[in-house]
Every structure is written in C-alpha cells, then in structure tokens.
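A.B. asks: Turn this into a structure:
(one chain, ligands or ions: 3)
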Amino acid sequence: MNADLSLYLVTDPTLCGDRGVVDTVRRAVDGGVRIVQLRDKTASDAETAEQLLALSQAIDGRALLVVNDRLDAAIAARARGARVDGVHLGQGDASVLQAREALGPDALIGLTANSAAHLDAVLALPAGTVDYLGVGVIRPTSTKRDHPDPLGVDGFRDFVRRSPLPCVAIGGVGIDDTEALRDAGSAGLAVVSALCAAEDPAATAREFRRRWLAGSVPRVLSIAGSDPSGGAGIQADLKSIAANGGYGMAVLTALTAQNTQGVRAVHVPPADFLRAQLDAVSDDVVIDAVKIGMLAETEVIRAVGEWLDRVRPPVVVLDPVMVATSGDRLLSPDAEAELRSLLGRATLVTPNLAELAVLTGRDIVDWADGITAAEELSAEIGAAVLVKGGHLTGDEAPDALVDRRRGLRQEFTGPRIVTSSTHGTGCSLSSALATLLAQGSDPEEAVRAARAWLRESLRAGDGLRVGRGHGPISHFAGLWGRGRSATRPEATDIAADWWQEIAGIRAGIDELPFIRALADGSLERAPFLSYLAQDALYLRDYARVLAEAARLAPTSAEQAFWADSAHGSIVGELELHASWLTPSQGVSAATFAAEPSPATTAYLDHLRSVAFGGDYAEIVAAVLPCFWLYTDLGRRLHAGEFGEYATDPQHPYASWLATYADPVFEEATRTAIEHASAAAAAADADTRARMRRAFVSSSEHELAFFAAPLESPPGR
Ligand SMILES: Nc1ncnc2c1ncn2[C@@H]1O[C@H](COP(=O)(O)OP(=O)(O)O)[C@@H](O)[C@H]1O
Ligand SMILES: Cc1ncc(COP(=O)(O)O)c(N)n1
Ligand SMILES: [Mg+2]
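C.D. replies: Ligands and ions are numbered 1, 2, ... in the order given. Alright, predicted model coming up:
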C-alpha cells in the first residue's frame, strides 16, 4: 500500500495525560495527522483491541490507523468492525511475513530499522511484504528505553539513500526538525512527545503540516470528464493546478465532444477501466489532494466512492457538476441520489446555485436562499460548502463559504466581470482550491486566493479568442503578465520584460554601420582591429567584475558559474592577443598598446561603480547585456539575418564571427539569465528597480561600444 506518511503520530499513554489517547488522537487528526500508531507497551491484547475500536471511531476514516506490535489485537479489533489499516513491528516483534499473511495485501505494514543488517534483512523479504521503514532514533529520547545511538539528520539521510523503501523518521523528532528531515528524503515525521504532550494537538499538527508542505509542489489528482476544447473538465483542471503551483494528474470519468457552444456527445468508458486508472495512480503516487468533477453516471460515482474509501486522500474538493455553462446535462438525473451519497467523503463541496437546489431539494430564488441551503447541506454532510453566485444577475459575483461544524459563514464578493468567457469557471475554481488546500492553506485563505486568481484569469479570457460561444478563462494570464510566480505579484520576468525594454537599443545596434559592415565583410581592417583591441581591454576588467559577482554569489552554483565566466573572459582576452592583435595581423605597436577609448572607459566605469556598490543582484543585472546581446547577435548573424555572406567561410572575419555563435557561450547566457531572474525574483522592489537600470545602462554602453570603432579614428 502506498500511504501518505507525512505526519505520523505515535501515541504514548503517559504523555497524553488526562486528555487521554483517544481525544489526543482526535484533535491531532483534526490538525492534519495522516497516520496514527497506537503504541502501548503495557496494555493487554483485549485492552488494545478495545482502544483500537475507540480510535477507529474517533479517526472516522480521516487518517490511517496501525498498531504497534500487537498483530492479534489488530485482528480482534478488525473482527469487531474497527478500521485497522495495519501494524508496525519492531525487529523483535512478530514476523512481518506472518502479519502480511494475516492482514492481507492492502494492509500497511511498517518495520523498525536502523542498521545495515536490518536493510539486508528487508531486501531478502519477498517484494510487498513491508511498506515502509521506521528509522531512528533521530535524537536521544525518553519515549523509547534502550534506544540505539541517535542517527541525527545526517545518519538518517545516509540510511534513506540506501533504503529501497520509504523511510519515516522517528525518535525525538521535534517541530524544528521538519525541514531538515523532509530535505533529507524522509517520507514523513513520526512524532511522539511533540504531539502527545502538546497543549493543543490540533494546532501543533497544523504547524507541523504547514512547515512540511511549505514550498512543496502538491500532487493533485483531477477525477473528471474531458473537454476537448480545453476550457472545462480535466483540461481546465490541469491548467488550474499548474497555475496554482501543483503537479496535476487526471483520471477520466467521461469523454465529451464539446466546444464553447455546447456538448454534442458524451462517452462513458466502462467503470472497470475507471478503476484501473484510479488504481494505477494511487498504487504509485502519494496523492495530496483530489478534485472531483463530472461523474456522468451512477456506476462511475460508485467506483470513485469505493476508491476514496480505500485511499482516503487528505483533501477532496467535490464540484457536483450537473449542467454545463452551455445548459447541457453532464450527470444523468437518476445519478443525483448517488452523488448525494458521495458528498460526505468530501472536504469541500462547491455547488453553483442550481446544483445546490438539486442537492438540498430546496427552491433557491435569491442569494440569501443560497446561503441558507448551503448551511443545511454543510450540516447534513459534515463538510464545508462553497456556494457560488456566478449565475446571479446583479453587479456582484459573490461566493459564500459555510462550515456548520465550525460555525463558519464567510462571504466573498467582488464586482461581476463583464465577459462571456465563463466556460469552465467552476472546474477551474475547484481545482485551484484543491491545490491551495493541499499546500496547507486553511479554507478561507484558499477561497480568497483562488478567487483572486480566477478573477484575473476571467478578465483575460476574451483575449484568448477561443471559440464563438462561452470562451475559456485564461488560466496563466497572471503568470504570463507577471513572470515567474503567481504568488509574487511584483516579480519580474526578465526574459520578457527587460529584453522588451531594450528593444530600441537592440534595433540601434542592428542599424550600426559597424555591425552592417562586419556582417557583409566590407569592414576595413583598421577599425576591426581597433574594435578587437578595445574588446581585449574591456574583457580584462569585465573579468574582475564577474569575479566580484562570484565573490558575492549566494549559492555555490552561482559562485562557480561567475568564476568560470571570469576565467572565460580572461581566456578570451589572451586569445585576442594571440590570434588577432599581433604584428603579423598588421597591428601596429600603437594599436597593440591602445588606451581605452571613451566608450570603453565609460562602460567599464559603469560596471565598476555597480560592482563597488557590492550588491550581487545589481552586479549580475549589469554584466548580463554582454552575454545576452552578443549571443543574440551571433545567433542572428549565423542565421543569415544580416545577409547570407555573414555565414560564408570565405568571409574575411569568418573565424571571428564563429566565436559569436558558440553553443557553449549560448548555454552560459541562458544560465546568466536564469541567475539574474532568480536574483530579481528574490529582491525587493527597490533592488529590482536598480537591477533594471543597471541592465539598461549596460545595454546602452554596448551600443556605444559597437558604434565607437567607426566614430573615432582607429588606433586611438
Ligand atoms: N462574471 C463573473 N465575474 C466574476 N466572477 C464570476 C463570474 N462568473 C462566475 N464567477 C465566479 O466563478 C466561479 C464559478 O461560479 P459559477 O459560474 O457560479 O459556477 P459553475 O461554473 O460551476 O456554474 C465563482 O467563484 C463565481 O463567483
Ligand atoms: C467535461 C466537463 N466537465 C465539467 C464541465 C462544467 O463546466 P463549468 O465549470 O463551466 O461548470 C464541462 N462543461 N465539461
Ligand atoms: Mg460547475
């Protein structure tokens, strides 16, 4: 079984204190614990079975339940109707083979391991005997007597590298170990004291989860229908998941033949094939969230329900799709009752007003009716409901989030956006919500963020010009507009933004007589050699500025890259002297010993003053044009954009032109752009503005540098 082991609670009756084990577990699961291990070394088998029964009720399918050591108690509790998912065995406990035999292939079986000998023993077992290893102890701990020497995070990382199975870190794990253990490759954190002895286990679990998930890419599965025109169904879901920072997967319930104007036909593949798709994903991938869309028929709903019961993903957002924006039915009427029975398995249900009316059997004539019905539904199914007001006719487009369990009723509203591009809004919103919830957002935060994203995507929908009916929203409009990150609205997309800003300078370079003459071979030798002499002078000091970038670089990859570039720059200078700036090429002593021209001096003064400021981000922005403009020019010279002759081996400066189009240099340019982009994304607004000025200024100096040889007398 492929379980979510990310936050694993191991109970300790003493540490749970007066609150008791059952209540501690209930609250910890409320906070996001994904798996619970009952561990009580002193209780009898009968007492253990009794506790398992109580825990299985408290957990109520929201997390997995295993028992430490007591295979017989697990079997006894199962016989009495408890939901016990497996056992965790120590090296000395009952054989894992025996446990697998007794509990069946779907059970979760864990084994404690911490040495090379243990790993060898695991490797010798038949595949599929053990699901995960509990590896520790990480730090000295009082909850396990006679524990082995602590592994520490480094020892744990080494063990994980050698382990064929997922490893959960256990033993003295505290909240501040979260990031280090996650980054060391752990499949999860097994926590004892930090949760059992916590004043508020729900809050502590939430904090563990928030830190575990921070910066991670959640794996989000859409179970929905296909819309070949790309605006709704799984196509919309995958785009929404990606736009909100998730990894999208899709299991198809039905194929529709639809476009922006309507649904022409629906094909529902056999339910067995649906089951095969679902199992293929869940047997291999840990699923952080599920979004459910079009379900088409009763059989499909049943198959999805059974799968959810087995896999129990931590987040399930159910969009009870019944009718498309175009008015066509997407759920057969006789399946409505079956759909109602699925609602209880959801974390959040997102009906529009018409769907809510069907689900509650109520007449909904206005927004207030909608909220009342949503509260009724939330109470009935024990989950949160987001009722959507997209189909209202007023100036506002409100949604309301209600959760009767928490007494929550929160309205979100904003001016209605005037657009006909509303195809797939519901699909897109629900998958965005699944992704944001899987990242650890609470429901209110998730709705706020998803709505903000949806609104900017709705505004840009018409611009896509897709179809003649209700067009799609533009899922990536925000990303395309802002550049790198949806969550950093001020970040800059250097490749689009800065490059566009110097479009005039680039056109100016293309027009220069020097560049034209260089391309068509008519450039005289004297200005060419004078250009090279200035280039050599330039490269020597440019290398020093690159070295300064290396000195200040925040990561070793960047440090190595800029140091390499500095080295390459000096090699370039030496090569110029060796192959071009020699008496045999007709270079006079005067040219050879050239002083920097005013253009060279100005460019270098600019670079040196930026370097002197000591701001890494600004330095990388300033050195970028020399990479980028040369690479761009070289590529276009090579492609014949300045005339075919520039690509001719007979060209008098052919060997020089070839250096412009060097693929290694092109690759270096790409990396330089990446490093500058990363620096810009991490910078504050003021630094970003300085970066931009430094970049533009260097580009202007490039233009002047190329212009100089034909403006000032050669050899100066
Ligand atoms: N014209 C609009 N302007 C702003 N938000 C809208 C507009 N149309 C729909 N929405 C929003 O799109 C989401 C989907 O709502 P709705 O259209 O009611 O659902 P469905 O697509 O399932 O029918 C909701 O958040 C709703 O507020
Ligand atoms: C395959 C498929 N699934 C769902 C919808 C609902 O679209 P909306 O998000 O507009 O309610 C659709 N039109 N097609
Ligand atoms: Mg809908």
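A.B. asks: can you pull the contacts of the most centrally placed residue in the chain?
C.D. replies: By Cα atoms, centre = their mean, the chain has its centre lying nearest to Val217, at 3.4 Å. Val217 makes contact with Gly245, Gly246, Tyr247, according to Cβ atoms under 8 Å, 6 or more residues apart in numbering. C-beta: built from backbone N, CA, C; applies to glycine.
A.B. asks: isn't there a strand covering the first one?
C.D. replies: This points to Gly245. No - using DSSP: H, G, I helix; E, B strand; the rest coil, the assignment for Gly245 is coil, not a strand.
A.B. asks: Those residues of the stretch 301-450 of the chain touching ligand 2, which are they?
C.D. replies: Applying Cβ under 6 Å from any ligand atom, we find that the stretch 301-450 of the chain lies next to ligand 2 at Val321, Ala324, Thr325, Leu330, His423, Gly424, Thr425, Gly426, Cys427.
A.B. asks: Now the two most distant members of the residues you listed.
C.D. replies: Leu330 and Thr425 (14.6 Å; Cβ to Cβ).
A.B. asks: still on that earlier bit, which of the contacts of Val217 has the most neighbours?
C.D. replies: Of all these, the most densely surrounded is Gly246 (26 neighbours; neighbours counted as other Cβ atoms under 10 Å).
A.B. asks: Nearest spatial neighbour of that residue, chain-adjacent residues omitted?
C.D. replies: Excluding the flanking residues, the one nearest Gly246 by Cβ to Cβ, 6 or more residues apart in numbering is Thr435, at 3.8 Å.
A.B. asks: For that neighbour, what are phi and psi?
C.D. replies: The phi and psi values for Thr435, taken as degrees, to the nearest 10, are phi -70, psi -40.
A.B. asks: What's the local residue count around it?
C.D. replies: Other residues close to Thr435 by other Cβ under 10 Å number 33.
A.B. asks: Settle this for me: it is touching Leu221, isn't it.
C.D. replies: No - using Cβ atoms under 8 Å, Thr435 is not in contact with Leu221, being 10.8 Å away.
A.B. asks: Mind listing the shared neighbours of those two?
C.D. replies: By Cβ under 8 Å, 6+ apart, the residues touching both Thr435 and Leu221 are Ala289.
A.B. asks: Give me the distance between Val402 and Gly440.
C.D. replies: 22 Å (Cβ to Cβ, to the nearest Å).
A.B. asks: likewise Ala676?
C.D. replies: Distance from Ala676 to Gly440, by Cβ to Cβ: 31 Å.
A.B. asks: These two: which has the busier surroundings?
C.D. replies: A count of neighbours by other Cβ under 10 Å puts Ala676 above the other of Ala676 and Gly440, at 25 against 21.
A.B. asks: SS state for that one?
C.D. replies: helix.
A.B. asks: Count the residues that sit near the nearest residue to it once chain neighbours are set aside.
C.D. replies: Among residues not flanking Ala676 along the chain, Val620 sits closest, at 4.7 Å (Cβ to Cβ, 6+ apart). The tally of other residues near Val620 (other Cβ under 10 Å) stands at 28.
A.B. asks: who's in contact with Val620?
C.D. replies: Ala549, Trp562, Ala672, His675, Ala676, Ala679, Met691.
A.B. asks: Spell out which parts of the chain neighbour ligand 2.
C.D. replies: 224-227, 232-233, 256, 293-294, 321, 324-325, 330, 423-427.
A.B. asks: hmm, try it at 5 Å
C.D. replies: Counting by Cβ under 5 Å from any ligand atom, the residues of the chain close to ligand 2 are Gly225, Asp227, Ala232, Gly233, Thr256, Met294, Val321, Ala324, Thr325, Gly424, Gly426, Cys427.
A.B. asks: Just flag the most distant two among those residues.
C.D. replies: Greatest spatial distance in the residues of the chain next to ligand 2: Thr256 and Gly426, 14.8 Å, computed using Cβ to Cβ.
A.B. asks: Count residues in the vicinity of the closest residue to ligand 1 within the stretch 201-350 of the chain, would you?
C.D. replies: Ligand 1 sits closest to Thr325 of the stretch 201-350 of the chain, with a gap of 5.9 Å, by Cβ to the nearest ligand atom. For Thr325, the neighbour count with other Cβ under 10 Å is 21.
A.B. asks: per-residue confidence for it?
C.D. replies: Confidence at Thr325, expressed as pLDDT, is 70.
A.B. asks: Name the SS class of it, please.
C.D. replies: Thr325 ends up coil, using three-state DSSP.
A.B. asks: Of the residues of the chain next to ligand 2, which belong to strands?
C.D. replies: Among the residues of the chain next to ligand 2, the residues falling in strands (DSSP state E) are Gly225, Thr256.
A.B. asks: Selecting buried members of the residues of the chain next to ligand 2 in ChimeraX, what would you type?
C.D. replies: Entered in ChimeraX, the line below selects the buried ones among the residues of the chain next to ligand 2, by 16 or more other Cβ atoms under 10 Å:
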select :225,227,232,233,256,294,321,324,325,424,426,427
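A.B. asks: and of the residues of the chain next to ligand 2, the nearest to Thr372?
C.D. replies: Closest to Thr372, out of all of these and judged by Cβ to Cβ, is Gly426, at 20.9 Å.
A.B. asks: what sits against that closest one?
C.D. replies: Contacts of Gly426 by Cβ under 8 Å, 6+ apart are Asp319, Val321, Thr350, Asn352, Lys388, Gly390.
A.B. asks: outside of stretch 133-152, which residues touch it?
C.D. replies: Counting by Cβ under 8 Å, 6+ apart, 10, 12, 15, 88, 110-115, 118, 122, 153, 156, 159-160, 163, 165-174, 177, 181, 186, 190, 192-193 sit against stretch 133-152.
A.B. asks: Apply 6 Å and report the result again.
C.D. replies: For stretch 133-152, contacts defined as Cβ atoms under 6 Å, 6 or more residues apart in numbering pick out 12, 110-114, 156, 159, 165, 167-173, 192.
A.B. asks: Sort out which of those residues are in helices and list them.
C.D. replies: Those of these mapping onto helices are Phe156, Phe159, per DSSP state H.
A.B. asks: Helices of the stretch 251-400 of the chain, residue ranges please.
C.D. replies: 271-282, 298-311, 336-342, 353-360, 367-381 (DSSP state H, counting those that start in this stretch).
A.B. asks: Format the ones you listed as JSON lines; extra columns: mean neighbour count, distance to Asp615 and mean pLDDT.
C.D. replies: Compiled in JSON lines, the helices of the stretch 251-400 of the chain are given as follows (neighbours: other Cβ atoms under 10 Å; distance: least, Cβ to Cβ, whole Å; pLDDT from 0 to 100):
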{"stretch": "helix 271-282", "mean neighbour count": "16", "distance to Asp615": "47", "mean pLDDT": "97"}
{"stretch": "helix 298-311", "mean neighbour count": "18", "distance to Asp615": "50", "mean pLDDT": "95"}
{"stretch": "helix 336-342", "mean neighbour count": "17", "distance to Asp615": "56", "mean pLDDT": "94"}
{"stretch": "helix 353-360", "mean neighbour count": "20", "distance to Asp615": "54", "mean pLDDT": "94"}
{"stretch": "helix 367-381", "mean neighbour count": "19", "distance to Asp615": "52", "mean pLDDT": "97"}
